[in-house]
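**Q** Need coordinates for the following:
(chains A and B)
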Amino acid sequence: MKPKLTRSIVAHTVLIVASILFLLPFLWLVSTSLKPTTQIFTWPPQWIPNPIHWRNYLDAMEYIPFFTYLKNTVVITVLGTLGVVLSCPLVAYSFAKLKWRGRDTLFFITIAVMMIPGQVTMIPLFILFEKMGWVGTNLPLIVPAFFGVPFFIFLLRQFFLGLPNELIDSARMDGAGEFRIYWQIMLPLAKPAVLAVGLFQFMAGWTDFIGPLLYLTEPDSYTMSLGLQQFQSEKGSEWGLMMAVATMMTMPIIVLFFLLQKTFIQGITFTGIKG
Amino acid sequence: MKSEKVITKPVDSRVSIKKTKWRTSHVYGWLFASPWVIGMLLFFAFPLLSSIYFSFTSYSIINPGEFVGLQNYRDLMNDSLFWTAIYNTVYFTVFFVPLSIFCGVSLALFLNMKVKGMAIYRTIFFLPTLVPHVAMAVLWVWLLNPQFGLVNGMLAAVGMDGPAWLGSETWSKPSLILMSLWGIGQAVVIYLAGLHDISQDYYDAAEVDGANSVQKIGHITLPLLTPVIFFNLVMGVIGAFQQFTLPYTMTKGQGTPGNSLVFYVMHIYDNGFKFFKMGYASAMAWILFVVIMALTTLIFVTSKRWVHYQGN
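**A** Residues are numbered from 1 along each chain as shown, chains lettered A, B, ... in the order given. The predicted model follows:
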């Protein structure tokens, strides 16, 4: 029993120390967001602001057109996530469970595409969207999602491979159409993986910086990532306000993560990295 | 005779069912994959090929551009900032990727132990990855502020003089590595999934042989975790080479102090979208592509020596 107790003590000690290191910056973010400028620069640091300065949140919302940016971010993120959730499982299912000529070649190309750095395609894509008249709108940030993302297709394919074929076979015997089999049987079974992919895309869209930086030219169409930058001016930074917006940007993802935590972890675990 | 017929008949009919199924599968396979086929051609194949062509032209958004042969590539060789960007990017990759693998695996090993409150610990380590990169940049600029930052404050409390961090050319890249390590939660989750996949049988067998914990980790856990380490290594290298948002936001696009935080992709962005030298930027992007491909291939080739799959 004794070595077990020692091990448990060691584990807890390491985990607690590491947890504190990981948690401190985050707590500091929230704490600074609740301090007036005068308290921000005090030493030793005041972890719990006194009094709590909620005004930063209101001031921050006035400093930038917060609700416009929020709305733009929500539109881009939600539509992008919808696109990914509609397209990727469908494509992944055809790679995993249907037999068709050219499938393996196409899947190999998909893996190769994963390795193309975004910067290689960035410039021609910008020119393409420019010619289409899409620069300055949020279409370049939404539409591609409806055509599939290679990494997500790969992840979902691995998940579908793990589902039994018998279900598909017996549904075919019963005369169900291919699309119905996918939509009513296989897709519901893949829910954890689809949720994980949806959450990944939501996070990516919510926090995307370079995409909006390239394509959104009108201040009216800016997202929160771009808005956050506006607190850093040449004259200096509005630390309290900036931290307030950073906190507001982080909270929805944390809430979402907590709500979906179980399914999310399950989705990643099952998807695995098996070859 | 009779029994033979009974056997052959169902076999025959099964074959014919398979044949029709096979035919419809061809149609449905392509139909289901069609969004991605279009997407791949439109958003990957077409830009990739255009990018090669552009890299040989003097294309700018304003000018149609003309064919200049290898001029862009020659100019790059004489662009001192290009070499600085390569140095900074390689520096970051060389230190960050191995460190993140070491810390990630160690953390995952601890998070895989059977102790109370594990769900809370796991959430804490995942929390930083939920902080948007722009917010993360802003937060760490503040934490690493030489005068008012928490980090130097804590160092001062134990009697140490902290460096200027992001204000110093020597310390700016280590600072970036430090803050990037804060966000390794996603990799940790993947390592955890890998640990989860290792069959208990191996440990039971080792137990019978009288192996201690260290031996179990060295001879079972780490070798069987190599496929996941391999995956994170490839992803880590690809990601490290594409470093952009953190240094760009922290330095307001300047890559200061000195040029110590000018990263390769920032240089591509500046040339393409600030100076509108799209051809030049395309050449840079292509070099990046070739380097990443070469590195990935190298990792793949050497992986045969150190990656072990369960059951092999």
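**Q** Helices of the stretch 101-250 of chain B, residue ranges please.
**A** B:118-126, B:133-143, B:150-157, B:172-181, B:185-197, B:200-208, B:213-216, B:222-241, B:245-250 (DSSP state H, counting those that start in this stretch).
**Q** how near is residue A:245 to chain B?
**A** 8 Å (C-beta to the nearest C-beta, to the nearest Å). Bear in mind the C-beta positions are built from the backbone N, C-alpha and C, glycine included.
**Q** Chain neighbours aside, what residue packs nearest to that residue?
**A** residue A:60 (5.0 Å; C-beta to C-beta, 6 or more residues apart in numbering or on different chains).
**Q** Can you tell me how far the residue most central in space within chain A is from residue A:177?
**A** Centroid-nearest residue in chain A, with C-alpha atoms, centre = their mean: residue A:203, separated by 1.7 Å. Per C-beta to C-beta, to the nearest Å, residue A:203 is found 35 Å from residue A:177.
**Q** Isn't the residue nearest to residue A:245 up against residue A:239?
**A** No: counting by C-beta atoms under 8 Å, residue A:239 is not a contact partner of residue A:60; they are 11.0 Å apart.
**Q** Just the pLDDT at the spatially closest residue to residue B:216 that is not a sequence neighbour, thanks.
**A** Nearest residue to residue B:216, sequence neighbours excluded (C-beta to C-beta, 6+ apart): residue B:206, at 5.3 Å. You'll see residue B:206 listed with a pLDDT of 91.
**Q** quick one: contacts for residue B:206?
**A** B:215-216, B:219-220 (C-beta atoms under 8 Å, 6 or more residues apart in numbering or on different chains).
**Q** Restrict these to the buried ones and give me that as a PyMOL selection.
**A** Buried residues among the contacts of residue B:206 (16 or more other C-beta atoms under 10 Å in any protein chain shown), as a PyMOL selection:
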select buried, chain B and resi 220
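**Q** what about residue A:81, which SS state?
**A** Taking DSSP: H, G, I helix; E, B strand; the rest coil as the rule, one finds residue A:81 in the helix state.
**Q** And it, how far from chain B?
**A** For residue A:81, the distance to chain B - C-beta to the nearest C-beta - is 16 Å.
**Q** wait, doesn't that residue sit right on residue A:202?
**A** Yes: counting by C-beta under 8 Å, residue A:81 touches residue A:202, with 4.9 Å between them.
**Q** Tell me the predicted confidence for residue A:47.
**A** 82.
**Q** And residue A:230, by the same measure?
**A** The model's pLDDT for residue A:230 equals 85.
**Q** so what's the nearest residue to it once chain neighbours are set aside up against?
**A** In space, not counting the residues next to it along the chain, residue A:230 is nearest to residue A:64; the distance is 5.5 Å by C-beta to C-beta, 6+ apart. By C-beta under 8 Å, 6+ apart, residue A:64 lies in contact with A:227, A:230-231, A:245.
**Q** Which one (most neighbours) among those residues?
**A** Neighbour counts for the contacts of residue A:64 peak at residue A:245, which has 28 neighbours (criterion: other C-beta atoms under 10 Å in any protein chain shown).
**Q** Secondary structure element holding it?
**A** In the assignment (DSSP states H and E), residue A:245 maps to helix A:239-271.
**Q** what's the angle from that helix to helix B:185-197?
**A** 20 degrees (axes from the mean of the first three to the mean of the last three C-alpha atoms, to 10 degrees).
**Q** how about residue A:96, what does it touch?
**A** A:156-158, A:160-161.
**Q** closest to residue B:191 among the residues you listed?
**A** residue A:158 (16.8 Å; C-beta to C-beta).
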